[in-house]
Structures are given as structure tokens and as C-alpha cells.
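[1] test case, fold it:
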Amino acid sequence: MKIRAFTLAFRARNKLCKRETQVRSGLTLLEVVVALGIFLLSSVALYQLFSIGTERALDVQQQATASMLCQREMAKITVGALPLESNSGEFSEESLAGWQYQIEASEAEVTNLWSVKVTVFRDRPDGKKMEVSLSQLVLDPSVRGSTLEAPAASPTTPTR
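    Numbering: from 1, shown residues only. All right, here's what the predicted structure looks like:
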């Protein structure tokens with residue numbers, strides 16, 4: 001009888017324990033700590049990606065600006081607005097503060113043909129240097145004429 005009562009009590013206790021383990025009302029502390037760790041690691045990774053993306057966008061913007069400035073200076077040389085000689089300086093526009101240029105011009109093997117290299121650069125706050133160069137062979141504008149020169153006077157003939 002004692003054994004039977006003990007067996008019944010043991011079975012009742014097992015059923016009660018099984019119900020308690022099957023029904024969970026919340027999260028354990030370990031689960032919360034693991035979830036928080038995963039969240040923090042993913043937040044750091046996303047922040048790094050955002051920072052890298054912002055830096056690359058700034059690089060592309062500055063490289064595009066430098067490329068356009070190179071083309072602008074080369075166009076000035078090609079039309080004769082700037083002398084065909086080596087020089088350097090800074091851009092005078094307020095929006096281009098910090099941008100500098102360097103022009104290297106040397107006469108090529110062919111008469112009146114010049115090899116011109118325009119380099120535009122800027123020292124960035126992070127210590128790096130943004131630099132773009134453009135090289136081109138240019139015919140001397142004084143030989144072929146320039147858009148800045150006054151047109152030659154042509155004789156006028158009366159029309160009848």
C-alpha cells in the first residue's frame with residue numbers, strides 16, 4: 001500500500017512538472033543577453049557600412065568636380081584664353097576654395113603642336129589628396145586663331 005501511494009504521488013508530481021516545463025511565460029536572461037548582443041553587433045556593422053558609403057559618395061563627388069575642372073582648364077588653353085605655358089595656381093571662385101591646378105605645357109615633335117597636361121588637386125581633411133590629370137595634344141591657338149581674337153576686317157563689296 002505504501003508503495004502504491006508513493007507511485008501515485010510520483011506520477012502526479014511528474015505530470016505537474018511536465019506541465020510546468022511545457023508552458024513558458026517569458027524569456028530567460030540568457031536569451032535576452034544573446035539577442036541584445038546580436039542586435040549590437042548588427043548595429044555596429046550597419047554604422048560601418050553607412051560611414052563607408054558616405055565616404056565613397058564624397059570621393060565620387062570630388063573626383064567628378066576635379067574632372068570637370070581639368071576639362072575646363074584644358075578648354076581654356078585650347079581656345080587660347082590661357083597662354084600655352086606651364087603654370088599653377090588656385091581657382092578664384094569661392095565655391096572652389098582649396099582646389100588648385102597645375103599646367104604643364106611642352107612643345108611636341110611636330111611644329112606648333114603642344115603636349116599639355118592639366119592636373120587638378122585638393123588636400124582633403126583626412127590627409128589624403130584628391131588628384132585628377134588630363135593630357136592632350138593641342139594645336140597652338142596663335143597659329144590657327146582663337147575665338148577671343150577680333151575678326152579680321154574683310155573688304156565689303158557693294159551688292160547690286
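
[2] neighbouring contacts of stretch 87-106?
    Residues outside stretch 87-106 that contact it (Cβ atoms under 8 Å, 6 or more residues apart in numbering) are 65-66, 69-70, 73, 77, 82, 84-86, 114-123. C-betas here are computed from N, CA, C, even on glycine.

[3] please name the bridge partners of E104.
    Beta-bridge partners recorded for E104 (DSSP bridges): K117.

[4] how close does it sit to M74?
    Per Cβ to Cβ, to the nearest Å, E104 is found 12 Å from M74.

[5] which one's more surrounded, those two?
    When E104 and M74 are compared on other Cβ atoms under 10 Å, the one with more neighbours turns out to be M74, at 19 against 15.

[6] what sits in contact with each of E104 and M74?
    Common neighbours of E104 and M74 (criterion: Cβ under 8 Å, 6+ apart): V116.

[7] read off the pLDDT value for G89.
    Per-residue confidence (pLDDT) for G89: 93.

[8] name the element it belongs to?
    Element membership for G89, per DSSP states H and E: strand 87-90.

[9] next structured bit after the lowest-mean-pLDDT helix or strand in the chain?
    Scoring the helices and strands of the chain by mean pLDDT, DSSP states H and E places helix 2-22 at the bottom, with a mean of 62. Next along the chain after helix 2-22, taking DSSP H and E as the criterion, comes helix 29-79.

[10] list the helices and strands that following helix packs on?
    In this structure, helix 29-79 makes packing contacts with strand 100-107, strand 113-123, strand 129-139, helix 141-144, judged by 3 or more Cβ pairs under 8 Å, 6 or more residues apart in numbering; DSSP states H and E.
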